[in-house]
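1. Below are the sequence and a predicted model; questions follow.
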Amino acid sequence: MRFEGSGDYVATPDLMLAVNAAITLQRPLLVKGEPGTGKTMLAETVAAALGLPLLQWHIKSTTKAQQGLYEYDAVSRLRDSQLGGEHGSRVHDIANYIVKGVLWQAFGAETPTVILIDEIDKADIEFPNDLLRELDRMEFYVYETRELIKARHRPIVFITSNNEKELPDAFLRRCFFHYIKFPDKETMQSIIDVHFPDLKKALIREALEVFFELREIPGLKKKPSTSELLDWLKLLVAEDIPPEALRAKDQKAAIPPLHGALLKNEQDVHLFERLVFMARQNR
């Protein structure tokens with residue numbers, strides 16, 4: 001089982017190498033990188049390319065590791081015991097109130113699956129440690145029903161992180177790590193070609209120049225990402241904005257149209273406006 005890339009996702013050779021290394025080692029692939037570099041889409045792409053089901057677990061600050069295994073719905077059991085009748089007959093079997101999590105669904109699947117644990121760094125610092133045994137041994141114990149759940153097939157696990165907090169060393173040892181570098185102009189051109197195959201080359205050229213110049217502005221709080229560039233291009237096409245409108249005659253003395261797709265907070269907008277004003281003053 002090897003990932004050889006996909007027509008709708010631009011995977012660099014080192015990224016494909018990392019995916020296949022994780023599959024060979026049977027280790028989770030921990031993927032880091034700037035927001036908008038395709039970390040989440042990678043799992044979706046690999047699952048589609050390999051023809052495997054994808055199970056997604058999107059982590060929030062309140063997410064607990066136990067939720068990925070299972071949850072015992074004690075409230076529903078209490079309600080059914082009070083209602084009686086058909087509902088009351090369910091109460092005697094506690095298994096009726098066990099809600100399977102993503103990992104249990106993957107472990108019980110009849111075919112191999114792909115699991116996405118998205119933005120693991122949003123959770124509490126103990127969250128990764130609480131999953132060490134389950135991800136390593138591919139099994140866990142259900143205390144309510146006194147049964148050991150073992151994976152029929154070892155799933156391919158993708159774990160994404162935006163580096164909001166450091167992950168424990170013990171967890172890192174059990175992963176294969178890959179950092180998705182921000183795309184250079186050539187790679188970005190390939191990404192644009194996938195999403196906008198009929199876009200005029202002149203518009204792409206000017207848009208890329210403006211985009212990468214924006215990212216190089218010192219002091220920018222949030223640099224525009226790949227997904228924001230694609231949104232901007234979509235708007236430029238929708239509004240039929242010509243390539244020459246992206247530039248002033250003196251190159252850096254104009255604010256690009258629809259810049260709200262690229263700059264997402266007022267500090268960055270004010271910074272860019274000041275730089276444009278200074279450029280005009282120095283003409």
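-> The structure has been received and is ready for your questions. Numbers count the residues shown, from 1 in each chain.

2. give the contact list for the closest residue to Ser161 other than its chain neighbours.
-> Nearest non-adjacent residue to Ser161, counting by C-beta to C-beta, 6 or more residues apart in numbering: Asp121, 4.4 Å away. Where C-beta positions appear, they are placed from N, C-alpha and C, glycine not excepted. Listed by C-beta atoms under 8 Å, 6 or more residues apart in numbering, the contact partners of Asp121 are 161-165, 167.

3. per-residue pLDDT, Asp121?
-> For Asp121, the pLDDT comes out at 92.

4. Now do it against Ser61, distance only.
-> 10 Å (C-beta to C-beta, to the nearest Å).

5. Shouldn't the residue nearest to Ser161 be within a strand?
-> No. Assessed with DSSP: H, G, I helix; E, B strand; the rest coil, Asp121 is helix; it does not lie in a strand.

6. all helices for the stretch 51-200 of the chain, in order.
-> 66-69, 74-83, 85-90, 102-108, 127-130, 132-137, 169-172, 185-195 (DSSP state H, counting those that start in this stretch).

7. What residues sit buried inside the fifth one?
-> Neighbour-count burial for helix 127-130 flags 127-128, 130 (criterion: 16 or more other C-beta atoms under 10 Å).

8. Make JSON lines out of the residues you listed and add distance to Ala49 and pLDDT.
-> As requested, the buried residues of helix 127-130 are exported to JSON lines (distance: C-beta to C-beta, whole Å; pLDDT from 0 to 100):
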{"residue": "Phe127", "distance to Ala49": "29", "pLDDT": "91"}
{"residue": "Pro128", "distance to Ala49": "27", "pLDDT": "91"}
{"residue": "Asp130", "distance to Ala49": "31", "pLDDT": "89"}
